[in-house]
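Asks: with the input below, show me the fold.
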Amino acid sequence: MYPHQKLEWTQARLEERLDATPDDAEARTELARVCLSRALYHGGGEAMAAQALQHARKLVHDDPEAPEGHVLAGAALVASDRPEAAKKYLDEAMRLAPARGDLHLALGALYRSQRDLHLAIKHLENACRAAPESWECHLLLGRALSERARTVGGARLIERAQYHMVQALSLEPSPDLLPALMRDLGLLCLNTGRYADAEKLFIRLRQNPRFSTPARKYLGQVAYALGKYKSAIQHDRQYLEALAAGAQGEDPGVLAQIGMSYLHLGELDRAREFCNRALVLDPDLLVARHALGCVLVEEGQISDAIKLFRDTLHEHPEHVQSYVELARTRRRAGDAVWLQKALAVETGEYDKLPVTGGPAAPRTVARRRIDVLLDELRAVGPSSVSAVLGALDLTEDEGLRFALWEAACGLAAGHVADELGARLREPGRFFSVNLARNALAAAAWIPEPALTSGLNVTLEDVQRAAVDRRGNAVDLGAHRRAVEGEREVARAWQAVLLLAIATRRSRSARQLLTSWGQGVDPELAVAVHAAQAMCGEPEAIKSLHRRGQEKGSVVLVDRLLARIVPPPRRGEPTAVQGGDTRCSACGRTGAEATHLMTGTRAVLCDHCIGEVVQNRLALTAPDDAACHLCGRTHFEARSLWRIHGVDVCVHCVDLSVGLRERETVDRFLAAW
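Replies: Next comes the predicted model:
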């Protein structure tokens, strides 16, 4: 895109050439590009940008219809932080040659300087498509995506940023830019949990004299993220020592991280010391205030901790971490009333807050606070059901009302489950059909060991129940009938409990059902097979069909199976490269596409996925559509599209688009 080798020598040679032939447009264009390269990438600053602008304006004056001069003038003005003047030149260049890669690169830089990252990313993507071998385009796009991810969040944005940073590094950028690129990629790896890769990059970065000090800081962050708190303290101390040697003062963020490391190690005095040192330098540092509050909690100074968290939230209501600690501290202190009142206040204010986007938006913060309170109220127990139900009347937001209703149901079910669990642990005293039905209804909240212990009803339990529940029999025949009646109740009890256990669909539940299915009588075997059918066991389903045929009740069995058999598990599409597999939409084979995504009902190539990405509005799928790759419907996916008769959801599109990018990043980082 721009020259980067022997720039001073090239500039001197081109200036001599222009002195000899001032009308040499080719030499002037190349000289403007050299000056612009020095301004943008090699520390030339505004002086070089001014020279580039001077030559670009001459080009525009000599030939107003040539796009090169307009692009170079616009880029030079962007480098000089004059966006309005730059836009005039770039708009004219867009009229003359809208497909130029350097034009879109300049527009991306313009909009990035104005913090319009959406438009910046759009133009930089166009620049990468027009000039895929230009590391400048990939570098700027990677940085714009990274900034966008910090603003709005999103793992996909960070993955894309990593990919374009890797592309920039692979295209061998100018050596003096290599350390900054390694730093940026290392920070992206740190944000995505690639701690081993981040560590390799920062260790290599530490060898560069200009970046050795910040590399120690980043290595401290990696060690802290990995839970290696002693190593984190060592790296952070080395970083602080390097700052002191350079007379740069202390870094409050690093001091706070040292404090958090000591907190995790249980050294509360040292943790308090470093938190206070951080707050002396920056009294508003949230991580230090949060860490100090946690130290106060651990020391038992609850009132001081609560005051610190409240003061922090008064100044920074969006700091949810402080709210989490405040609510948790209140709950541990037994102050459930505060949690209930706080829930009413947050819910009552929710509808009044403006509907805006972003993680720090008032509604987003309020919803996160409500979720925190509901989590703590769940820990308090069922006594909070009425408070949660009362909050329903304070909001008209359907999403929030559903969350409150779900929480209330969970609290109530938990209360019921506690009572049922106590009875299930004494099955000989309490076995009954009604109790088994209640256990089946609340099975999701009852611990599985309690359900399995309820199966243990012995003959002695049955005989005792015959006397306790039916009274003393007048003769031996009446006693036998009473015992047989209780035996039938016990068998029904066990049958329903087997169904309750099957709702867990766990490995231990399957193993228990297998052991129970060996040697049981035919009547109880039906319950075992029904339970196994609920776990999706095909042999059990066949057994129920055979039993239905014997009894002439196949229709009834099919109807019941339709209700209890779990739907097929959704399969994630898998990637295929090469081979004779054909795309269901366009017919391309694996040899004609970069990769194919194979799903449950169709195969899609990356060309068709790209067409979907470019024409999303025109390809929206009907309301009754379901993704042919994974089965998701409109209710389960944000978007669903149809291309040449094949439906595909946004999840599978992102998976396909990101596949090559992730593979490229993995290969590159593995090679380092």
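
Asks: what sits against residue 586?
Replies: 605, 607, 608, 644 (C-beta atoms under 8 Å, 6 or more residues apart in numbering). Where C-beta positions appear, they are placed from N, C-alpha and C, glycine not excepted.

Asks: dump the residue contacts of the first one.
Replies: Spelled out, it's residue 605. Shown in contact with residue 605 (C-beta under 8 Å, 6+ apart): 583, 585, 586, 588, 592, 593, 594, 595, 596, 597.

Asks: confidence score at the closest residue to the first one other than its chain neighbours?
Replies: Looking back up the chat, that one is residue 583. Counting by C-beta to C-beta, 6 or more residues apart in numbering, residue 605 is the residue found nearest to residue 583 once chain neighbours are left out, at 3.9 Å. Listed pLDDT for residue 605 reads 91.

Asks: please begin residue numbering at 438 from this point
Replies: That works, and once the first residue is 438, the last one we named lands at residue 1042.

Asks: give me the phi and psi angles of residue 1042.
Replies: When read as degrees, to the nearest 10, the backbone of residue 1042 gives phi -90, psi 170.

Asks: one step back: most neighbours of all the contacts of residue 1042, which one?
Replies: Within the contacts of residue 1042, neighbour counts (other C-beta atoms under 10 Å) peak at residue 1033, which reaches 28 neighbours.

Asks: quick one, phi psi at the closest residue to that residue other than its chain neighbours?
Replies: Leaving out its chain neighbours, the residue that sits closest to residue 1033 by C-beta to C-beta, 6+ apart is residue 1013, at 4.5 Å. Backbone torsions of residue 1013, given as degrees, to the nearest 10, read phi -130, psi 130.

Asks: how many neighbours does residue 1013 have?
Replies: Counted with other C-beta under 10 Å, residue 1013 comes out at 15.

Asks: who wins for neighbours among the contacts of residue 1023?
Replies: Neighbour count (other C-beta under 10 Å) singles out residue 1042 as the most crowded of the contacts of residue 1023, with 26 neighbours.

Asks: tell me what it is bridged to.
Replies: residue 1033 (DSSP bridges).

Asks: thinking again about what came up before, and the residue nearest to residue 1020, how far is that from residue 1089?
Replies: Going from residue 1042 to residue 1089 by C-beta to C-beta, to the nearest Å gives 13 Å.

Asks: find the centremost residue of this protein, please.
Replies: Note on the chain: the residue nearest the mean C-alpha position is residue 592, at 5.6 Å, using C-alpha atoms, centre = their mean.

Asks: for the nearest residue to it once chain neighbours are set aside, what are phi and psi?
Replies: Using C-beta to C-beta, 6+ apart and skipping the chain neighbours, the partner closest in space to residue 592 is residue 629 (7.0 Å). The phi and psi values for residue 629, taken as degrees, to the nearest 10, are phi -100, psi 10.

Asks: next, count neighbours for residue 629.
Replies: Neighbours around residue 629, by other C-beta under 10 Å: 17.

Asks: that one contacts residue 591, correct?
Replies: No - using C-beta atoms under 8 Å, residue 629 is not in contact with residue 591; the gap is 11.3 Å.

Asks: re earlier: now list whatever residues contact both of residue 1042 and residue 1089.
Replies: residue 1034.

Asks: low-scoring stretches of the chain, by residue?
Replies: For the chain, the stretches flagged by pLDDT under 70 are 794-796, 956-957, 1003-1008, 1109.

Asks: domain-wise, how is it divided?
Replies: Segmentation of the chain into domains, based on automatic domain parsing, reads 853-1001, 1011-1108.

Asks: let's have the ones you listed in a markdown table, adding distance to residue 654.
Replies: Below are these laid out as a markdown table (distance: least, C-beta to C-beta, whole Å):
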| stretch | distance to residue 654 |
| --- | --- |
| domain 853-1001 | 45 |
| domain 1011-1108 | 21 |
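
Asks: ok so, going back, nearest to residue 448 among the contacts of residue 1042?
Replies: Among these, residue 1031 lies closest to residue 448 (C-beta to C-beta), at 41.1 Å.

Asks: chain neighbours aside, what residue packs nearest to that closest one?
Replies: Take residue 1031 and drop its neighbours on the chain: the residue closest to it by C-beta to C-beta, 6+ apart is residue 1043, 4.7 Å away.
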